[in-house]
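**Q** just coords:
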Ligand SMILES: Cc1cc2nc3c(=O)[nH]c(=O)nc-3n(C[C@H](O)[C@H](O)[C@H](O)COP(=O)(O)OP(=O)(O)OC[C@H]3O[C@@H](n4cnc5c(N)ncnc54)[C@H](O)[C@@H]3O)c2cc1C
């Protein structure tokens, strides 16, 4: 069903479960409920995966540093979920060698137990011994699964041999494995589409917001037309992330579940730094005790992140002070590589929807997740508090089990080993991949390099997209020859694009990787407009809207 069909169907039919919020936790719950045959509607007031879920550091990780807060359950779960993501979505989530440069040997040895006992608020530099103990635990959680190799501890000489630009003041470097989520926004949409593919009982709408509640009715607003309409769900899942308390207020409930912290990142185009880190993320403690990262993203580098308590989830932007902080932190690890503000091609920022707490140090607030239950008259309202991108599946499973218990139904499928989108039947090795490219080329007649380009972007969905592209007249984009007009048309038709910025920021990596130019933005508006039936005026308005968002939220100014 397309957007209009879904909106029309809601005039005569109200779903059993209404999910408010299309971040990864709402989407994960949507997919799981869809698999159980539950009649469910998800509404997202902006685009899917445009809130906290679009601000992540792109790590599928257990969170080694949470061990020192004593959060063993959380870390064990997240490490297992990291492995599942690598296995279920191999086209987007890949094993990520992660290196910790270590400047001290014994430091932190006494702090860690104090922190564990809650007696120490301020972070103190972790030395080699504390890090080694943490890594032994980390490996132990998934020993025997073989998804990623165990950690390696290098002495100074070996580390400098591997990373020649590394600060010679280091004492050791430890390398362990986590996962990298290349494009969280694409992954989220693929999870959502998998949910919808389960049947017409599962529907999702972006640009529809929760607008109010009155007795048994909940009112929703179509943000495109401004029209409101009412539904009578049996249960509401509030998955509004940092906006959970606001969404509850809209329902007439007074809650204080969230105490968020802001985090920003910048993406830099610095070939020297990109080559210095190789395939590795550098994850380390900055001078002030904050854990920060330098992360490979295609041919660019992400540097982040901050962790600043905020009262309100909006507006958050990467500030010039944060940029300065990020530029400085690179110097700590790679002292002779200069990063400048001119090299920043993209900035992004968001609020972690953490549980409200009195903790003074933001780094110590738990990243664990739980469900809070309220009632709107007879209707239960489940608020999904906390969590990490990495553990969305486990969180969604927990919520789904609770919803099923309320509805008096039993689970009929689980998501643990369920492939996601283009991760289905994924050819893992080089030879099998070449066979896959040949098969797509044979089925579609696409020229030799195109199947590989599609495979790199969409995994095994390259077959479906290739077939779509081949079924009509197609042409490469003038300003981006590795993309075609029918590829854009496919995304518009099948991936719920409403605005041009949905394509630039979330269905593709063009904005994140600093690949946009004004002529390309205009050409993409033209290609989208042809499918979405946009007038000349509407196309121009979409270009202006996209340029405004890029400039305001991401510091990207296209001449
Ligand atoms: C800076 C930063 C770095 C992070 N790094 C990592 C990392 O590397 N790895 C990791 O595992 N996790 C990471 N996280 C955590 C992770 O991103 C979040 O925990 C997760 O994305 C939260 O998802 P969510 O669905 O709960 O919230 P969100 O993604 O914020 O989704 C909530 C949605 O609700 C919508 N909404 C709000 N109000 C309404 C309404 N009235 N009607 C309809 N819709 C509404 C919003 O538009 C939003 O899209 C990071 C988070 C941040 C902020």
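**A** The structure has been received and is ready for your questions. This is a predicted model, so every value here is computed, not measured.
**Q** any idea how far residue 62 is from the ligand?
**A** Residue 62 is 9 Å from the ligand, where distance means C-beta to the nearest ligand atom, to the nearest Å. C-beta: built from backbone N, CA, C; applies to glycine.
**Q** Residue 538 in helix, strand or coil?
**A** Assigned by DSSP: H, G, I helix; E, B strand; the rest coil, the conformation of residue 538 is helix.
**Q** Pass me the low-pLDDT residue ranges in the stretch 151-300 of the chain, would you?
**A** Along the stretch 151-300 of the chain, the model assigns pLDDT under 70 to no residue.
**Q** The ligand contacts on that one?
**A** The stretch 151-300 of the chain has residues 209-210, 239-243, 247, 250, 263 near the ligand, with proximity defined as C-beta under 6 Å from any ligand atom.
**Q** May I see these organised as a markdown table, with neighbour count, distance to residue 344 and secondary structure added?
**A** Listed next are those as a markdown table, based on neighbours: other C-beta atoms under 10 Å; distance: C-beta to C-beta, whole Å; DSSP: H, G, I helix; E, B strand; the rest coil:
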| residue | neighbour count | distance to residue 344 | secondary structure |
| --- | --- | --- | --- |
| 209 | 20 | 32 | strand |
| 210 | 24 | 35 | strand |
| 239 | 31 | 32 | coil |
| 240 | 30 | 30 | coil |
| 241 | 28 | 26 | helix |
| 242 | 26 | 24 | helix |
| 243 | 26 | 28 | helix |
| 247 | 22 | 33 | helix |
| 250 | 19 | 36 | helix |
| 263 | 23 | 16 | strand |
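**Q** Closest one of these to residue 464?
**A** residue 239 (28.3 Å; C-beta to C-beta).
**Q** if I look at residue 143, how far off is residue 129?
**A** 21 Å (C-beta to C-beta, to the nearest Å).
**Q** More neighbours: the two, which one.
**A** residue 129 (16 against 8; other C-beta atoms under 10 Å).
**Q** State whether the more buried one is indeed within a helix.
**A** Yes - looking at residue 129 with three-state DSSP, it is inside a helix.
**Q** Distance check, it against the ligand.
**A** 26 Å.
**Q** Nearest to residue 492 among the residues of the stretch 151-300 of the chain next to the ligand?
**A** Using C-beta to C-beta, these come closest to residue 492 at residue 209, 22.2 Å.
**Q** Find the nearest non-adjacent residue to that closest one, please.
**A** residue 45 (3.3 Å; C-beta to C-beta, 6 or more residues apart in numbering).
**Q** Same check on residue 44?
**A** residue 22 (2.8 Å).
**Q** pretty sure the one you found is in contact with residue 54, am I right?
**A** No - counting by C-beta atoms under 8 Å, residue 22 stays clear of residue 54, with 11.0 Å between them.
**Q** Tell me which of those two has more neighbours.
**A** residue 22 (32 against 22).
**Q** would you say the more buried one is within a helix?
**A** No - under the criterion used here (three-state DSSP), residue 22 is coil, not part of a helix.
**Q** Could you list the paired strands of the helix or strand containing residue 374 along with their orientation?
**A** Counting by DSSP states H and E, the element that carries residue 374 is strand 369-376. The strands beside strand 369-376 in its sheet (DSSP bridges) come out as strand 379-386 (antiparallel).
**Q** so what's residue 418 up against?
**A** Shown in contact with residue 418 (C-beta atoms under 8 Å, 6 or more residues apart in numbering): 35, 88, 194.
**Q** what secondary structure does it sit in?
**A** Strictly by three-state DSSP, residue 418 counts as coil.
**Q** how much space between it and the ligand?
**A** Taken as C-beta to the nearest ligand atom, the span from residue 418 to the ligand is 19 Å.
**Q** first vs last residue of stretch 423-434, how far apart are they?
**A** 16 Å (C-alpha to C-alpha, to the nearest Å).
**Q** Going by neighbour count, list what's buried in that stretch.
**A** By 16 or more other C-beta atoms under 10 Å, the buried positions in stretch 423-434 come out as 423-424, 426-427, 433.
**Q** tell me the two of the residues you listed that are most distant?
**A** That would be 424 and 433, which, of these, are the farthest apart (C-beta to C-beta) at 14.6 Å.
**Q** Please pull out the lowest mean pLDDT helix or strand from the chain.
**A** Between all helices and strands in the chain, the lowest mean by mean pLDDT, DSSP states H and E belongs to helix 111-116, at a mean of 51.
**Q** isn't residue 448 right up against residue 441?
**A** Yes - counting by C-beta under 8 Å, residue 441 is a contact partner of residue 448 at 6.2 Å.
**Q** ok, back up a step: which PyMOL command selects the buried ones in the contacts of residue 418?
**A** Restricted to buried positions by 16+ other C-beta under 10 Å, the PyMOL selection for those reads:
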select buried, resi 35+88+194
